[in-house]
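Engineer: Provide a 3D model corresponding to the input given below.
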Amino acid sequence: MTFNPDADVSGNTARRRGRGAVVAGAGGVGLLGIIALIAGPLLGIDLTGLLGGGTTGGGTEPQGGSVIENCQTGEDANENVDCRVAASQLALDGYWEDYIDPYRPPQLIVVDGATSTACGTASNAVGPFYCPPDETVYIDPTFFDLMEQQFGASAGNLAQLYVVGHEWGHHIQYITGVMDRYPNIGTGPDSNGVRVELQADCYAGAWIGQMTKEKDPDGVPYLLPPTEAELEDALNAANTVGDDNIQQQSSGTVNPESFTHGTSVQRKAWFAQGYTNGLDVCEQPLTVSGGEL
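Structural biologist: Okay, the predicted model is just below:
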């Protein structure tokens, strides 16, 4: 359980878009799929063509997307991953409105298979990402299944919120000019790309550390305080998507010069820094020396 069962989450504006595509099974996407799923959006390229058959066509997607059905209460969010992702929008917007003035919320799209974006195709082969040109967070919930199937991550409720919070962090970086000041112009352990990703991890931790303060229109907190087990689960998710872990799993070797997101240790550490110390420490990934990252 992560959401307060009595919370009113019906005010979320998330939409579902896609063409009814299906995710490949545990043996279908494989490690190449994981690389495309995690690395593709950051590199600014669509790697889904490498996967061959990752999606299957369906009908025509509705203009603008459809509402997330059966997503009215915190209990719905606890029971259904699509609703859980959608409902997290309310707590994220409430949190960032307190710190960013003026705050401009992103759109949240729950991807059903595949949909077009200003950054290319959002699909079950590409995974969660933020697209700056259309200021939209795209989340395909089957990503959490892939984390579990391919890497053994538990990918529970709080880990899922960490992923959404991380992508929200990229929106904050976009509207506050961080992406302009630290353009993604290369790879490596001290690259801008790694620094921006670690800051987004810190942002996610800071939000989770304060997320119980956000309340519905009746004053009911959207989210419950995380348990130690849930926090371990979120840290496990951060560990799973470290560059070194992905490279070790995919090729058996680790090449720091190709890092784009940071190591498992770094991602866990900056999430924990944000959770423990709040937003005050989240500028540090951009400014400290490479040895301190």
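Engineer: burial check on the residue nearest to residue 170 when sequence neighbours are not counted, number of neighbours?
Structural biologist: Distance criterion Cβ to Cβ, 6 or more residues apart in numbering; nearest residue to residue 170, sequence neighbours excluded, is residue 130 at 3.8 Å. No exception for glycine: its C-beta is placed from N, CA and C like everyone else's. The tally of other residues near residue 130 (other Cβ atoms under 10 Å) stands at 24.
Engineer: wait, a strand at residue 130?
Structural biologist: Yes: membership of residue 130 in a strand is supported by DSSP: H, G, I helix; E, B strand; the rest coil.
Engineer: wait, what's in contact with it?
Structural biologist: By Cβ atoms under 8 Å, 6 or more residues apart in numbering, the residues touching residue 130 are 41, 106, 136, 137, 138, 167, 168, 170, 171, 174.
Engineer: kindly report the same for residue 238.
Structural biologist: By Cβ under 8 Å, 6+ apart, the contact set of residue 238 is 162, 201, 264, 267, 268, 271.
Engineer: at 7 Å instead, please
Structural biologist: By Cβ atoms under 7 Å, 6 or more residues apart in numbering, residue 238 lies in contact with 162, 201, 267, 268, 271.
Engineer: ok, now residue 78?
Structural biologist: Shown in contact with residue 78 (Cβ under 7 Å, 6+ apart): 1, 2, 3, 5.
Engineer: tell me the least confident of those?
Structural biologist: Here the lowest pLDDT out of these sits on residue 1, with 76.
Engineer: from what I see, that one and residue 224 are in contact.
Structural biologist: Yes: with contact defined as Cβ atoms under 7 Å, residue 1 reaches residue 224; the gap is 6.4 Å.
Engineer: more neighbours, these two?
Structural biologist: Using other Cβ under 10 Å, the more surrounded residue of residue 1 and residue 224 is residue 224, with 17 against 14.
Engineer: can you give me the helices for the stretch 151-293 of the chain?
Structural biologist: For the stretch 151-293 of the chain, the helices defined by DSSP state H, counting those that start in this stretch cover 157-175, 178-181, 192-210, 228-240, 243-251, 264-277, 284-287.
Engineer: lowest mean pLDDT across the ones you listed, which one is that?
Structural biologist: The weakest mean pLDDT among these belongs to helix 243-251, with a mean of 90.
Engineer: any buried residues in it, and which?
Structural biologist: For helix 243-251, the neighbour count (16 or more other Cβ atoms under 10 Å) marks 243, 244, 245, 246, 247 as buried.
Engineer: just checking, the first one touches residue 255?
Structural biologist: No: in terms of Cβ under 7 Å, residue 243 does not count as a neighbour of residue 255; the distance is 8.9 Å.
Engineer: quick check: the gap between residue 182 and residue 190.
Structural biologist: 12 Å (Cβ to Cβ, to the nearest Å).
Engineer: select the longest strand from this structure.
Structural biologist: In the chain, taking DSSP state E as the definition, the longest strand is strand 107-112.
Engineer: that strand pairs with which strands, parallel or anti?
Structural biologist: Partner strands and pairing direction for strand 107-112 (DSSP bridges) are strand 15-18 (parallel), strand 136-139 (parallel).
Engineer: ok, which of the ones you listed comes nearest residue 153?
Structural biologist: Set against residue 153 and scored by Cβ to Cβ, these come closest in strand 136-139, at 16.0 Å.
Engineer: picking that back up, make JSON lines out of the contacts of residue 130 and add distance to residue 231 and neighbour count.
Structural biologist: JSON lines is the format used below for those (distance: Cβ to Cβ, whole Å; neighbours: other Cβ atoms under 10 Å):
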{"residue": "41", "distance to residue 231": "26", "neighbour count": "24"}
{"residue": "106", "distance to residue 231": "25", "neighbour count": "23"}
{"residue": "136", "distance to residue 231": "28", "neighbour count": "21"}
{"residue": "137", "distance to residue 231": "23", "neighbour count": "27"}
{"residue": "138", "distance to residue 231": "26", "neighbour count": "25"}
{"residue": "167", "distance to residue 231": "20", "neighbour count": "24"}
{"residue": "168", "distance to residue 231": "19", "neighbour count": "25"}
{"residue": "170", "distance to residue 231": "22", "neighbour count": "24"}
{"residue": "171", "distance to residue 231": "24", "neighbour count": "27"}
{"residue": "174", "distance to residue 231": "28", "neighbour count": "18"}
